[in-house]
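S.K.: Coordinates for the following, if possible.
(one chain, ligands or ions: 1)
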Amino acid sequence: MTKPPTQNYGKASGPLLSIKQDFFTKNDEMLAEQLRLGQVYTAQDFRTDCKCCGQPIEGVDFVKQGIGYILCPTCSHLNGAHDDSAAFCAAVYTDDSGKQYATHYEASDKVAYDDRVRDIYVPKAEFLLGALEKDGQNPLELAYADFGAGSGYFISALMNQGAKHAAGFEVSQAQVDLARAVNSNVEMTRHDLDETAPLASSTRADVVSLIGVLEHLQRPREFLQAVSQNTAVTYLFLSVPLFSPCVFLEMVFPKIMQRQLTGGHTHLFTEASLDWMRDEFGFEKTAEWWFGTDMVDLFRMVQVSMEKSTDTKGMTENWVGAFGPVIDALQLELDKRHLSSEVHQLWRIRR
Ligand SMILES: [Zn+2]
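M.R.: Next up is the predicted model:
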């Protein structure tokens, strides 16, 4: 009988809140940039097949920031109504050597970089290494290949935890340069967008990871197929954004910068669509960690909205004082019901 997957729930929001202060202080300019990218997106052709299962989709279920969205009748995946064409991906990820995209993640100095690794990425690495150990592996001896590695945060975290072989792959030269500047020990390879699947086919790593990356790939199905057919690879570790309560908040707070379904996130997984994809490509789930930031988003959306109006600005501190302390407890209830804005899962290839 197969072992039930390891399940974790919840994560404290404090470190995230301190890293994401821009979300509170630069609302209007960040929102304007999202609307600009949305115009690039809606200029692309209409999508005819589901990004997750590949089956036909049609009609529009709702519109947000001027973009139509369709729930797939086959697998329940949430699809943007347009294709994320090569031109769109280039506009979002690689134009200007990725500098524009890197600004969302950039840590301008070593201290900020190390804080980010410690607060955001070490917990992910600990979860992964612990889950691999429970699955009978010696995780520090395995080789890791992190795709969409950005500035190398996750491979730095793996190395901090004692992993001996971790390498990152990234399309943005600016991100790779930052990784090398801040951490001279990291092994990073820059590659073109169309080399992503071939690299997944040829890597000799035991564990391939995609932290907030699968949703950004132009052809995620091709990538999963490449990994599942690579006999060197045993595990896929991924974190993906989900169609969660946060998206409903975004529908009703159109003046507030959106985080979940906007910009490079042109489609979102559901628990069922993720199950579909895992089954189709021959993986089984060995561990999962549900934690989201829906309640941080609600907190921010109300706070920023109140500050925008002279009628309500004076009550902002009251809101922060009342809601701030209950964010984590409320989010944990969503997480336990698999209603998080994000999930981490460890998949093992069925052999
Ligand atoms: Zn589908």
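S.K.: Could I get the phi/psi values of the one residue in the stretch 101-250 of the chain that gets nearest to the ion?
M.R.: Residue nearest to the ion within the stretch 101-250 of the chain (Cβ to the ion): R221, separated by 10.4 Å. C-betas here are computed from N, CA, C, even on glycine. Main-chain dihedrals, R221, degrees, to the nearest 10: phi -60, psi -40.
S.K.: That one: how many residues sit nearby?
M.R.: R221 has 18 neighbouring residues, counting by other Cβ atoms under 10 Å.
S.K.: nearest residue to it other than its sequence neighbours?
M.R.: On the basis of Cβ to Cβ, 6 or more residues apart in numbering, the spatially nearest residue to R221 that is not a chain neighbour turns out to be G54, at 6.1 Å.
S.K.: is it true that that neighbour touches R219?
M.R.: No: counting by Cβ atoms under 8 Å, G54 does not reach R219; the two are 10.3 Å apart.
S.K.: Where does pLDDT dip in the stretch 101-250 of the chain?
M.R.: Scanning the stretch 101-250 of the chain for pLDDT under 70 picks out 101-108.
S.K.: so where do the strands sit in it?
M.R.: 143-147, 165-170, 187-190, 207-211, 235-241 (DSSP state E, counting those that start in this stretch).
S.K.: other SSEs contacting the longest one?
M.R.: For strand 235-241, the elements it packs on are helix 122-134, strand 207-211, strand 342-349, judged by 3 or more Cβ pairs under 8 Å, 6 or more residues apart in numbering; DSSP states H and E.
S.K.: Just say which of these is most tucked in.
M.R.: strand 207-211 (a mean of 26; mean count of other Cβ atoms under 10 Å).
S.K.: tell me what that strand is packed against?
M.R.: When contacts are defined as 3+ Cβ pairs under 8 Å, 6+ apart, strand 207-211 packs onto helix 122-134, strand 143-147, strand 235-241.
S.K.: if we go to 7 Å?
M.R.: If contacts are counted by 3 or more Cβ pairs under 7 Å, 6 or more residues apart in numbering; DSSP states H and E, strand 207-211 sits against strand 143-147, strand 235-241.
S.K.: Paired strands for it, with orientation please.
M.R.: strand 143-147 (parallel), strand 235-241 (parallel) (DSSP bridges).
S.K.: so how far is Y69 from the residue lying closest to L71 once chain neighbours are set aside?
M.R.: Spatial nearest neighbour of L71, chain neighbours left out: D61 (5.2 Å); criterion: Cβ to Cβ, 6+ apart. Look at D61 and Y69: by Cβ to Cβ, to the nearest Å, they are 6 Å apart.
S.K.: go on, I19?
M.R.: Distance from I19 to Y69, by Cβ to Cβ: 28 Å.
S.K.: For A87, give me the pLDDT.
M.R.: Looking at A87, its pLDDT reads 85.
S.K.: From the geometric centre of this protein, which residue sits farthest away?
M.R.: The C-alpha centroid of the chain is most remote from D311, which lies 36.4 Å away (Cα atoms, centre = their mean).
S.K.: what residues does the stretch 51-200 of the chain put near the ion?
M.R.: Proximity of the stretch 51-200 of the chain to the ion, by Cβ under 5 Å from the ion, involves residues 52-53, 72, 74-75, 77.
S.K.: which among those residues end up buried?
M.R.: Among these, those buried by neighbour count (16 or more other Cβ atoms under 10 Å) are 52-53, 72, 75, 77.
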